[in-house]
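This is a predicted model, with the sequence first.
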Amino acid sequence: MNEPGRDRIRELLDAVLAGDGGDRLQDLAATAYASPFHFSRQVSRAAGEPPVAMRRRVMLERAAWRIQRGGSVTDAAFEAGYDSVDGFSRAFSRGFGCAPSAMPARGERGHWLPAPNGIHFHSPTVLYVDAGGVHEQPAGEVVALMVRHDLDDTDALLGAAGSLSEEEYRRERMPGHQVLTWSGAETSLAHVLRHLALDKLPWLASIEGADEPDLGGPDDATTLRARHADIAARWLAMTRDVERRSAWNDRVIDAICDPPESFLLSQIVAHALTFAAHRRQLARWMLQQAGADLTDPVLDPDPINWHRRAGGGPT
């Protein structure tokens, strides 16, 4: 019986993929504090793939990822746990149908190999778990509306904050306030708007398999608005792609988290929308406290009115 809150996929991948123990079953089993027999049976039953085969496949995917980004074949071979470049090249050729030196560019083919469980290497800090086929999960226009409203409303709030003085923008209005225990203090309008503008960036990095993003830099409203415009375009493209592929049940496993955690794409979008909506209302209250004019229709928080404006219908 599973303990509440345990992430079984993360635990499985930790045991199979962690460390430098190589492909020996006893080494992988030792990572999970289990006998080789029981570990192999448990992993094979849960993932549909023996642990040693899974590790070798994901390590080959990682090697292909590195080679497509300019890494040397020799470095990729030893990072993948092979004792020789020749042995690595033979395994790579069997998997990808070409020698490592002939691997097509990433724009021509991906770095994934066929997998019975949808678990793939995505980047040095992220694994991707394909849900394995289309799953029926109502989303469509409701999610699209909420995503676009969130992005447009955030842009409007950042625009309104641009007219405030530096003192009002950074004035502490909610001492000790935190939206999430791990996100730091959000006691001023500057704090809240920074989170609104930038908090989707780490999620995008995980989903895209990119490096950990830089969340530093100036946090004045004008700069944040410009950064948000770029993030918004990527976020909208991501959600549209997920909806097009019916991929809401696909999963990323984010090793940036400590400990690593797995997230469904639907969970990521729901999380982002929930806390963005909360922060947008906080920002309105703080803007009002700072004396900003909130009568402009573009600052109306109601998605019904936003949708009517966006669609050109009656308000």
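Yes, it's here.

which stretches of the protein form helices?
Counting by DSSP state H, the chain has helices at residues 8-17, 25-31, 36-47, 51-68, 73-79, 85-96, 140-161, 166-170, 189-198, 200-208, 221-244, 265-289, 303-311.

Please spell out which residues along stretch 220-232 are buried.
By neighbour count on 16 or more other CB atoms under 10 Å, the buried set for stretch 220-232 is 220-221, 224-225, 227-228, 231-232. Glycine gets a C-beta too; all of them are placed from N, C-alpha and C.

just stretch 95-103 next, same as before
Here stretch 95-103 shows 95-96, 100, 103 as buried, counting by 16+ other CB under 10 Å.

As JSON lines, these with distance to Leu204 and pLDDT would be great.
Listed next are the buried residues of stretch 95-103 as JSON lines, based on distance: CB to CB, whole Å; pLDDT from 0 to 100:
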{"residue": "Gly95", "distance to Leu204": "29", "pLDDT": "90"}
{"residue": "Phe96", "distance to Leu204": "28", "pLDDT": "90"}
{"residue": "Pro100", "distance to Leu204": "30", "pLDDT": "94"}
{"residue": "Met103", "distance to Leu204": "26", "pLDDT": "92"}
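
For Asp75, state which of those is nearest.
Asp75 lies nearest to Pro100 out of these, by CB to CB, at 10.8 Å.

Provide a list of residues in contact with that closest one.
Going by CB atoms under 8 Å, 6 or more residues apart in numbering, Pro100 touches 63-64, 67, 73, 76-77, 88-89, 92-93.

ok, of the residues you listed, which one's closest to Leu157?
Of all these, Leu157 sits closest to Ala64, with 42.9 Å by CB to CB.

State the number of residues packed around Leu204.
Using other CB atoms under 10 Å, Leu204 has 17 other residues around it.

Where does the prediction get shaky in the stretch 201-315 of the chain?
255-260, 311-315 (pLDDT under 70).

Could you point out which residue ranges in the stretch 51-200 of the chain have low pLDDT?
Using pLDDT under 70, the stretch 51-200 of the chain drops low at 51, 125-127, 129, 131-140.

For the buried residues of stretch 220-232, which two are the farthest from each other?
Pairwise distances across the buried residues of stretch 220-232 peak at 18.1 Å for Asp220 and Ala232 (criterion: CB to CB).

I'd say Arg309 and Pro297 touch.
Yes: taking contacts as CB atoms under 8 Å, Arg309 lies within contact range of Pro297: 6.8 Å.

Comparing those two, which shows the higher neighbour count?
Set Arg309 next to Pro297 and count neighbours by other CB under 10 Å: Arg309 wins out with 14 against 11.

ok, now how distant is the more buried one from Asp152?
Distance of Arg309 to Asp152, given as CB to CB, to the nearest Å: 9 Å.

what's the answer for Ser206, then?
On the measure of CB to CB, Ser206 and Asp152 end up 24 Å apart.

Next: Arg170.
Applying CB to CB, the value for Arg170 to Asp152 is 25 Å.

give me every residue that touches Arg148.
Neighbours of Arg148 in contact, by CB under 8 Å, 6+ apart: 236, 310.

redo that, cut-off 10 Å
Contacts for Arg148 (CB atoms under 10 Å, 6 or more residues apart in numbering) come out as 232, 235-236, 239, 303, 306-307, 310.
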